[in-house]
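Asker: Below are the sequence and a predicted model; questions follow.
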Amino acid sequence: FQELRQQRNDLQDQYLPIGSSFNFEQFRKTLEKNTAIVEFYISFDRFLTFIFTRHSQQPLVLSSSTDQLYALIDWTTAYLDDYYDQPQDWRNPLTSRLQKLAEILNFNKILQQLPKDCNQLILIPHQYLHLFPLHALPLPENPGKLLFNRFSQGVRYSPSCQLLQLVQTRKRPDFTHLFAVQNPTGDLSYANIGVEVIKSYFNPADTEVLVENAATKAAIDSKPLNTYHCVHFSCHGYFNLNQPQKSALILADAYLNSAPAELNPEQHLVLDDGEVIDLHKCLTLDAIFALKSQQKLAQCRLVTLSACETGLIDFDNTSDEYIGLPSGFLVAGSPAVVSSLWKVEEVSTALLMIKFYQNLLNQMSLAVALNQAQLWLRDATVQDLRNWAEQLTKQLTLENNFKEEVEEEIELFKNDYKPFYSPYYWAAYCAIGESYI
């Protein structure tokens, strides 16, 4: 057992500059002023909540009862059963589900332990807690308010303290060059609209977009990704529960016209609808980890995964290790990732991403830009969306089809209706890693 532990530590030290040598005291001193970390740990008979700031000599530890752990397990089982088997039953009561989760995790008590001047929160979930939008939990004592409303500098996540300390060492001053993958499978019309608007925020000379059939794995491999500050994927994503390292962003030419007589699990993946994709033509987690040795993300400040389920992890894994696409991009070199926790809706995702980048380029930090975009989408009325689309079209000299597409989606609703109020439309996206973009 000691030999295995040493091998694990050696691998950590090899692939992470901060591996088994992690020191809590040193890490604590790197935290920004007015920032708190809330880290969860699920054990066999309870769950623990660790709370600390840069001034904490030791973390404050809150311990649940066994009954609270059982309540969390029951809540998680019902949530996942409905998500995978009864999507409508999962989606409709999502707000009340999240209210219940806030009660089970005792967020009222957690918030009471934070310094009054705390304006930024970093969440480090554990195991299946990584699957839930903790940043969007309703605050029981403030109806209509969400967890991120409580923090003016936003709520973000980290897979672990070690990875957070690592990404904080990456100082990337520039955010002018964009590389984007746009709708490689050709069936996401709003991905086209979203990327077309987002790229207009950047100088055309500093922007490269691979559109539809051009967005192949070979094309991405041939590009000098180490010259870009923002890497944006607007495509389908797939999380592989059985082999997380084979989770993938699906690129052009990945779908097979006919399944081979014999499937190779290292190369082929059968999707829920029975279609088969060639993983060699996708950007898998294995391929993302390989970007590290090639230093492909050496200048990157942000990777945005505007796709389904890109933030999911191997929640059946009983270890403390976080295995998922976001941690892959963090290890590979990016200090920050935005990813999603469920199969997102296409229209709301496009609007959210456009607003997110608009906020970023107005000098907001990553967490604030995303949180504010989510709040905006939740509260936007039909008239608000109509006015925004018209204003953006003029400001960026966009083609009128953007305004017309937005109008077409909302024309059946009354002007004061909020079409995207449900957390289903906006809460899936999480800001992970470093915040200052």
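Answerer: Perfect, I can see it now.
Asker: rest of the way, CA atoms for contacts and neighbours
Answerer: Noted.
Asker: Can you give me the buried ones in whichever helix or strand residue 162 is part of?
Answerer: In this assignment (DSSP states H and E), residue 162 forms part of helix 161-168. When burial is assessed from 16 or more other Cα atoms under 10 Å, helix 161-168 yields the following buried residues: 161, 162, 163, 164, 165, 166, 167, 168.
Asker: Please report how far the nearest residue to the fifth one once chain neighbours are set aside lies from residue 168.
Answerer: With sequence-adjacent residues excluded and distances taken as Cα to Cα, 6 or more residues apart in numbering, residue 165 is closest to residue 27, at 6.4 Å. The span separating residue 27 from residue 168 equals 10 Å under the rule Cα to Cα, to the nearest Å.
Asker: Residue 351 now?
Answerer: Applying Cα to Cα to residue 351 and residue 168 gives a distance of 30 Å.
Asker: Could you do residue 175 as well?
Answerer: Taken as Cα to Cα, the span from residue 175 to residue 168 is 17 Å.
Asker: what do you get for residue 388?
Answerer: 35 Å.
Asker: Residue 346 too?
Answerer: To residue 168, residue 346 is 32 Å away according to Cα to Cα.
Asker: Low-confidence stretches in this protein?
Answerer: 6, 8-21, 314-322, 400, 437 (pLDDT under 70).
Asker: Can you check which helix is longest in the protein?
Answerer: Identified as the longest helix of the chain according to DSSP state H is helix 66-85.
Asker: which other residues reach that helix?
Answerer: The list of residues contacting helix 66-85 from outside it, by Cα atoms under 8 Å, 6 or more residues apart in numbering, reads 45, 46, 47, 88, 89, 90, 91, 101, 104, 105, 128.
Asker: what are the phi and psi angles of the first one?
Answerer: Summarising the backbone geometry of residue 45 under the convention degrees, to the nearest 10, its torsions are phi -130, psi 0.
Asker: That one and residue 124: what is the separation?
Answerer: Per Cα to Cα, residue 45 is found 20 Å from residue 124.
Asker: Looking at those two, which has the bigger crowd around it?
Answerer: Taking neighbours as other Cα atoms under 10 Å, residue 45 and residue 124 compare with residue 124 leading, 22 against 12.
Asker: The more buried one contacts residue 157, doesn't it?
Answerer: Yes: judged on Cα atoms under 8 Å, residue 124 makes contact with residue 157 at a distance of 5.8 Å.
Asker: Could you list every helix and strand that the biggest strand by length in the chain packs against?
Answerer: The strand that spans the most residues within the chain, counting by DSSP state E, is strand 35-42. Contacts defined by 3 or more Cα pairs under 8 Å, 6 or more residues apart in numbering; DSSP states H and E place strand 35-42 against strand 47-52, strand 120-124.
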